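In: Build the 3D model from these lines:
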Amino acid sequence: MAAPRPPADSAAYAIVRPFFATNRKRIGADLLKASFGGERGVLTYGTCEVSIPRYHRVGQLESPSIWRFEFREDPARHVVLMSVSTKPKAEYFAQLTRSIAAARQRTAFVFVHGYNVSFEDAARRTAQMSYDLGYQGVPVFFSWPSQSSLSAYTVDEQNIEWAEVGLQSFLHDFLAQSGVSEVVLIAHSMGNRGLTRTLAAVLRENPALRSKVKEIILAAPDIDADVFRDQIAPALIEAQRPITLYASSKDLALSASREVHGAARAGDSGLGLIIFPGIETIDATDVDTSLLGHSYIGDSPTVISDMTSLIREGLRADKRVGLSVVEKPGGRYWAVTR
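Out: All right, here's what the predicted structure looks like:
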């Protein structure tokens, strides 16, 4: 049985219902936080429910704080994973198709999280982003077996590579079977490694699916910058779909990755900023961020506002408020202005 939740007035919070696919290993019978851990497993499908408190602030993942004498999750105050339900593949896609058909727009976004993220936090972040974007389609996330530990970076590197087979299978089936008219694909941090490679393969092998991809958003990609320029960007550009890349020079997580690998990352800005024909690069260095400056894709109201204009209104960078164009000898990019 699911773990009991503290009583709360349902009028004090909204419920967001993301769909998910994961190749994490199922652990235990509790279909809540402990339902999927950090070990590798089989591809599993399902839905979940996440609460968003009435007084939620854009960019916040409200959680209990001992400084506020909060020792239990409360849906009226916190973003809480309320329930998880797994489903057979056929039933999952049938329900997903119905949900997309019933949505205000027959659209969806698929989020692939990064390093040091649990299944629970992937669900919470997906729901929070959907709510903050005022998204009218169906939110979906793919959760690979991150260890959800700062010290397990190299394990996560191995696991995102291993997870590519499952992610590629899911992306193909999602585009081919869900009935979606348009999908926005969003990857964060290390999740970009899996999304960029698998998406390029899916669209190369199935050109008819390309038209369904409305936008590819690469946020703080933890990818070797030279590998991105020489191998990944050309493969994505070949699909002829719009691509937006968010980068920052205040991203301490990517600075640490650069030290570990001895090479710049594609999510760095400054002198190594990625400027590539067919990719709209947004320098988010000046936005308000978290302590590490790495999760601005979901934490920064400024970036969320920019993504709202991109996703909901379909505005390209040169049409969006809050961006200033920067011309360089190698091309142009846009900088977020406060």
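
In: Go ahead and flag the most central residue of this structure.
Out: The geometric centre of the chain, computed from its C-alpha atoms, lies nearest to Phe111 (Cα atoms, centre = their mean), at 3.3 Å.

In: which residue packs closest to that residue, ignoring adjacent ones?
Out: Excluding the flanking residues, the one nearest Phe111 by Cβ to Cβ, 6 or more residues apart in numbering is Phe141, at 4.4 Å. C-beta coordinates here come from the backbone N, C-alpha and C atoms, glycine included.

In: Just the element for that neighbour, please.
Out: strand 138-143 (DSSP states H and E).

In: mind listing what's buried in whichever helix or strand comes after that strand?
Out: Elements were assigned by DSSP H and E; along the chain past strand 138-143, the next helix or strand is helix 153-162. Of all the residues in helix 153-162, those buried under the rule 16 or more other Cβ atoms under 10 Å are Tyr153, Asp156, Glu157, Asn159, Ile160.

In: how far is helix 153-162 from where the chain is centred?
Out: Taking the mean of its C-alpha atoms, helix 153-162 sits 17 Å from the chain's own mean (Cα atoms, centre = their mean, to the nearest Å).

In: Tell me the secondary structure at the residue nearest to the centre of the chain.
Out: Following DSSP: H, G, I helix; E, B strand; the rest coil, the label given to Phe111 is strand.

In: quick one on the thing from earlier: beta partners of the residue nearest to Phe111?
Out: According to DSSP bridges, the residues that bridge with Phe141 are Phe20, Phe111.

In: which residues does it contact?
Out: Contacts were defined as Cβ atoms under 8 Å, 6 or more residues apart in numbering; by that measure Phe141 touches Pro18, Phe19, Phe20, Val110, Phe111, Val112, His113, Ala122, Ala123, Arg125, Thr126.

In: From Pro18, how far out is the fourth one?
Out: Here Val110 is placed at a distance of 10 Å from Pro18 (Cβ to Cβ, to the nearest Å).

In: Between these two, point out the one with more neighbours.
Out: More neighbours surround Val110 than the other of Val110 and Pro18, with 28 against 24 (other Cβ atoms under 10 Å).

In: Please work out how many residues are found near the nearest residue to that one once chain neighbours are set aside.
Out: Of all residues not flanking Val110 in the chain, Val140 sits nearest, at 4.7 Å (Cβ to Cβ, 6+ apart). Residue neighbour count, defined by other Cβ under 10 Å, stands at 25 for Val140.

In: Give me the local confidence score for Val140.
Out: At Val140, the pLDDT value in this model is 98.

In: One more: Ala263?
Out: Taken from the predicted model, the pLDDT recorded for Ala263 is 92.

In: Tell me if I am right that it is in a strand.
Out: No. According to three-state DSSP, the state of Ala263 is coil, so it is not within a strand.

In: Could you find the closest non-adjacent residue to it?
Out: The spatial neighbour of Ala263 that comes closest, neighbours along the chain excluded (Cβ to Cβ, 6+ apart), is Asp224 at 5.0 Å.

In: can you tell me how far that neighbour sits from Ile297?
Out: As it turns out, when the distance is counted by Cβ to Cβ, Asp224 lies 20 Å from Ile297.

In: same thing with Ala94?
Out: Using Cβ to Cβ, Ala94 is found at 31 Å from Ile297.

In: quick one: which of those two has more around it?
Out: When Ala94 is set against Ile297 and neighbours are counted by other Cβ under 10 Å, the residue ahead is Ile297, at 24 against 14.

In: That one against Asn192, yeah?
Out: No. Using Cβ atoms under 8 Å as the test, Ile297 is too far from Asn192 to be in contact (11.0 Å).

In: Overlap in contacts, those two.
Out: Counting by Cβ under 8 Å, 6+ apart, the common neighbours of Ile297 and Asn192 are Ala219, Ala220.

In: isn't the residue nearest to Val110 right next to Phe20, touching?
Out: Yes. The pair Val140 and Phe20 qualifies as a contact (Cβ under 8 Å) at a distance of 6.8 Å.

In: what touches both of the two?
Out: When contacts are counted by Cβ under 8 Å, 6+ apart, Val140 and Phe20 are jointly contacted by Thr126.

In: Could you list the low-pLDDT ranges of the stretch 151-300 of the chain?
Out: In the predicted model, the stretch 151-300 of the chain carries pLDDT under 70 at residues 288-292.

In: hmm, try it at 90
Out: Filtered on pLDDT under 90, the stretch 151-300 of the chain yields the residue ranges 249-253, 255, 270-272, 286-297, 299.

In: residue ranges of the helices in it, please?
Out: Secondary structure of the stretch 151-300 of the chain (DSSP state H, counting those that start in this stretch): helices at 153-162, 164-177, 191-205, 225-227, 233-238, 252-261, 296-299.

In: With only the CA atoms kept, save the longest one in CSV.
Out: Written as CSV, here are the backbone C-alpha positions of helix 191-205 (Å, rounded to 0.1, in the frame of the first residue of the first chain):
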residue,chain,number,x,y,z
GLY,A,191,20.3,14.1,-19.5
ASN,A,192,21.3,16.0,-22.7
ARG,A,193,23.8,13.2,-23.5
GLY,A,194,21.0,10.7,-23.7
LEU,A,195,18.4,12.9,-25.4
THR,A,196,20.7,14.3,-28.2
ARG,A,197,22.1,10.9,-29.3
THR,A,198,18.8,9.0,-29.1
LEU,A,199,16.7,11.7,-30.7
ALA,A,200,19.2,12.0,-33.6
ALA,A,201,19.0,8.3,-34.2
VAL,A,202,15.2,8.1,-34.0
LEU,A,203,14.7,11.0,-36.5
ARG,A,204,17.4,9.7,-38.8
GLU,A,205,15.8,6.2,-38.9
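
In: Alright, I will stop here.
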